[in-house]
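**Q** Quick one: sequence and predicted model below, then my questions.
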Amino acid sequence: QASLAQALVSSVRKRDIFFHLVCHDAMGCFCPKPEPEQTYSVETTPGTHDDAPVVESGGARTSDTAEYGAQRLDADAEEPVDGTEAANVGDVTASYISSSDLGERCSLMDDSLPDWKFELDKGQWRSYPLEESLELDRYWQVFSRKRVDDQPAPYLAKVRLMKRDGVVDFQAMTCQVGGGRPRKLNRELKIAGWLSNRYFFEAFKAALAKAGITVENPPEEMFDFRFNQDFTGMTDDGRRLQRGGQDYKLPIGWKRFAVNVKGQYDNGDNTWLKEDDSGWAVAYHGTAGDSLPGILCAGFNVGDRQKFAKDTGAGIYCTPQIEVAQHYSKPKSLEGHSVQVVLQLRVKPSAIKLISDPKATEFEKKYWVINDPADIRAYGVLIRELPLLSWVPPEAKVFGEDHPAVKKIYEELRAEAAKQ
């Protein structure tokens, strides 16, 4: 155990090691069992900012990843952005906010984060990606501070939004992108619930500490909270999505924390993350919460228990259906909440092997087997809240509810729940 802890300490200090997995699956994998960890998620509740105009808010469904960020446009700007000269926008003459006045971005570990939205159509609002909301907020803070101080307040800013050049008017709360018409803007604050980014990382560190490992890396070296995505408020609208030529089922009802994987594989080539047939397929891997730190730190390891080895060869088990993977994630109690943990993966399409053993149950035929650990990569940690007694163990799906071993599992679950 001491040598394992030393190896993990070394691993923790190497940035790229955080983006591999340890094999863990009740059907044929092995992973280390540290002390039970705490698991975590984020629940957000929008709150209208006092300074923002009160407008009707709406939402829009987004893709499962965000691939763009906001940045200032200094190089190609016709008007200076240092605030020393004036520029014309329509009939309005104003100064641009100076880059020297911009403060630091708010921390992704804060308990509330800005959510900037634009009006797509009347009454239909769409949020900018978090990266762009953070950049907009830097300008907003300058405008708000100078206005409060009764100083001449420049209120225009040049930013890049949705991959296009835009001019934001904070006084009118509008944004004009390219040659389009000005659209209304709204600023809200999303308030994190008890499962915030900060809590997520602190719980992750606490779980490693139980194994004798101290995390010295900042959170952004392991996770990229900018690309978290909340699927809890979504509903399945029937659209068929694909990744890597395989059906992709969104993890409806779950919250995803993004692992920092961009640029970490294939000499910085992120093609495997693309959202089309050139990317890798999406799969899920259920895990007990206490195994998560080992999974993210130590890498995949094919285990000894291989039920379908004659059919597929030895490998790591995963599934394209989160409804299947979640059965392998027994809920853990945390701060009065019972939560499940499932890893969201990308797997190389050509490496996928299906279960064809005639003795396999319909449930087991939903597994994928990946022989080479290099062909499977974790890019998200999915969390949802589920009462312990609402969980159905995988044995019940494989052997049936009336099997004696399954009945014993349920008895143990009821006894455990009574103690909580």
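**A** Okay, I see it. If you're wondering where the values come from, they're calculated on a predicted model, not measured in any experiment. Numbers count the residues shown, from 1 in each chain.

**Q** Around residue 416, how many other residues sit close by?
**A** For residue 416, the neighbour count with other Cβ atoms under 10 Å is 13. C-betas here are computed from N, CA, C, even on glycine.

**Q** these two touch, right, residue 347 and residue 285?
**A** No: shown here, residue 347 and residue 285 do not form a contact pair, counting by Cβ atoms under 8 Å, at 9.7 Å.

**Q** Need the overlap of contacts for those two.
**A** Common neighbours of residue 347 and residue 285, using Cβ atoms under 8 Å, 6 or more residues apart in numbering, are residue 318.

**Q** These two - which one has more neighbours?
**A** Each of residue 347 and residue 285 had its neighbours counted (other Cβ under 10 Å), and the higher figure belongs to residue 285 (29 against 24).

**Q** Could you give the bridge partners of the more buried one?
**A** Note on residue 285: beta-bridge partners by DSSP bridges are residue 343.

**Q** That one contacts residue 345, correct?
**A** Yes: using Cβ under 8 Å, residue 285 is in contact with residue 345, at 5.8 Å.

**Q** Could you look up the SS state of the residue lying closest to residue 175 once chain neighbours are set aside?
**A** Spatial nearest neighbour of residue 175, chain neighbours left out: residue 168 (4.8 Å); criterion: Cβ to Cβ, 6 or more residues apart in numbering. Counting by DSSP: H, G, I helix; E, B strand; the rest coil, the backbone at residue 168 sits in strand.

**Q** Can you tell me how far residue 168 is from residue 137?
**A** Residue 168 sits 11 Å away from residue 137, going by Cβ to Cβ, to the nearest Å.

**Q** Settle it for me: which of the two has more neighbours?
**A** Neighbour count, other Cβ under 10 Å: between residue 168 and residue 137, residue 168 has more, with 26 against 20.

**Q** residues in contact with the more buried one?
**A** Taking Cβ under 8 Å, 6+ apart as the contact definition, residue 168 lies against 136, 139, 156, 157, 158, 159, 174, 175, 185.

**Q** Can you flag which of these belong to helices?
**A** 136, 139 (DSSP state H).

**Q** tell me which of the contacts of residue 168 is nearest to residue 413?
**A** Residue 413 has its nearest neighbour among these in residue 136, at 47.7 Å by Cβ to Cβ.

**Q** Might one say that the closest one is in contact with residue 159?
**A** Yes: Residue 136 is in contact with residue 159 according to Cβ under 8 Å; the separation is 6.4 Å.

**Q** Correct me if wrong: residue 236 contacts residue 250.
**A** Yes: judged on Cβ under 8 Å, residue 236 makes contact with residue 250 at a distance of 7.3 Å.

**Q** and the closest residue to residue 136 other than its chain neighbours, what are its phi and psi?
**A** Here the nearest residue to residue 136 in space, its sequence neighbours aside, is residue 116; by Cβ to Cβ, 6+ apart that works out to 4.8 Å. Torsion angles at residue 116 (phi, psi; degrees, to the nearest 10) stand at phi -90, psi 130.

**Q** Please determine how far residue 116 is located from residue 173.
**A** As judged by Cβ to Cβ, residue 116 and residue 173 stand 10 Å apart.

**Q** Of those two, which one has the most company?
**A** residue 116 (24 against 19).

**Q** Give the next helix or strand downstream of the helix or strand containing residue 338.
**A** Take DSSP states H and E as the rule and residue 338 turns out to sit in strand 337-347. Using DSSP H and E, the helix or strand that follows strand 337-347 in sequence is strand 352-354.

**Q** And whichever helix or strand comes after that following strand, how far out from the chain middle?
**A** The helix or strand immediately downstream of strand 352-354 is strand 368-370, counting by DSSP H and E. Offset of strand 368-370 from its chain centre (Cα atoms, centre = their mean, to the nearest Å): 23 Å.
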